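Chemist: Provided below for reference: sequence and predicted model.
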Amino acid sequence: MNKINVVIFGPPGSGKGTQSEKIVECFQLKYLSTGDFLRSEIACKSSLGLRAQQYMDKGQLVPDSLVIDLIESFIDKNKESPGFLFDGFPRTCDQAVALSDMLKRLKQKISLVVALNVSEKELVGRIQKRGLISNRKDDQDVTIIKNRIKEYELKTRTVLDFYKNNFTRLLEINGEDSIDDIFLMIKKEITLLSAL
Ligand code: ADP
């Protein structure tokens with residue numbers, strides 16, 4: 001069977017994590033969330049974690065070199081999996097180029113980008129709500145939340161153009177639809193790809 005590599009894309013709070021759980025369960029893709037990775041590096045107080053924390057606490061993107069190294073070793077260790085699901089990566093065009101080079105070396109590519117669109121007002125509300133139950137500091141302060149959305153607009157949104165220019169299959173979804181409806185659309189698309 002073809003390897004299926006999916007990028008789930010969208011601003012913070014757009015529902016990437018929620019959909020990722022469903023996708024992984026359904027298609028057994030190897031899941032990689034750079035945010036989770038970085039948070040576990042912070043929890044074990046590694047030098048990478050300590051460096052990343054300074055940026056994350058302000059709602060800024062962590063420098064490309066830190067996340068690219070993490071991704072590279074993850075892909076290397078899991079290259080036999082049926083495919084990958086990338087959540088929160090790539091977040092800059094340099095990251096997108098690095099990812100496509102890594103996959104090229106394995107004779108693979110990104111099969112699908114799922115982009116979730118959600119209005120800023122809704123994003124802030126969702127993240128604040130999440131902040132009440134999670135212990136994520138960056139979900140509990142409205143200035144940090146807004147900064148993350150600003151970083152997305154400044155540095156991440158343009159990653160979509162990178163994929164459009166590379167003719168990567170793109171599924172754009174209204175992220176304000178219901179969780180189940182969104183998943184059905186994604187499921188249909190990945191099922192189609194698996195059959196190719
Ligand atoms: P969210 O999508 O809600 O912002 P994440 O867990 O994906 O949550 O990211 C949390 C933080 O981790 C980001 O604000 C950023 O500081 C850092 N981060 C995660 N992924 C990347 C990445 N690919 N490049 C740079 N920074 C990242």
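Modeler: Ah, there it is.

Chemist: from here on, contacts and neighbour counts on C-alpha atoms
Modeler: Fine.

Chemist: in the protein, which helix or strand is least confident?
Modeler: One helix or strand of the chain scores below all others by mean pLDDT, DSSP states H and E: helix 64-77, with a mean of 94.

Chemist: next secondary structure after that one?
Modeler: strand 84-87 (DSSP states H and E).

Chemist: how about that following strand and the ligand, touching?
Modeler: No: using Cα under 6 Å from any ligand atom, we find that strand 84-87 stays clear of the ligand, coming within 6.7 Å at best.

Chemist: buried ones in the next helix or strand after that strand?
Modeler: Past strand 84-87, further along toward the C-terminus, the next helix or strand under DSSP H and E is helix 93-105. The neighbour-count check on helix 93-105 (16 or more other Cα atoms under 10 Å) flags Cys93, Gln95, Ala96, Ala98, Leu99, Ser100, Met102, Leu103 as buried.

Chemist: contact residues of this protein facing the ligand?
Modeler: Residues of the chain found near the ligand (Cα under 6 Å from any ligand atom) are 12-13, 34-36, 55-56, 59-64, 67, 88-91, 148.

Chemist: and the residue of this structure that's closest to the ligand?
Modeler: Residue nearest to the ligand within the chain: Gly35 (3.2 Å; Cα to the nearest ligand atom).

Chemist: skipping its backbone neighbours, what lies nearest that residue in space?
Modeler: Leaving aside its chain neighbours, Gly35 sits nearest to Gly88 (6.6 Å; criterion: Cα to Cα, 6 or more residues apart in numbering).
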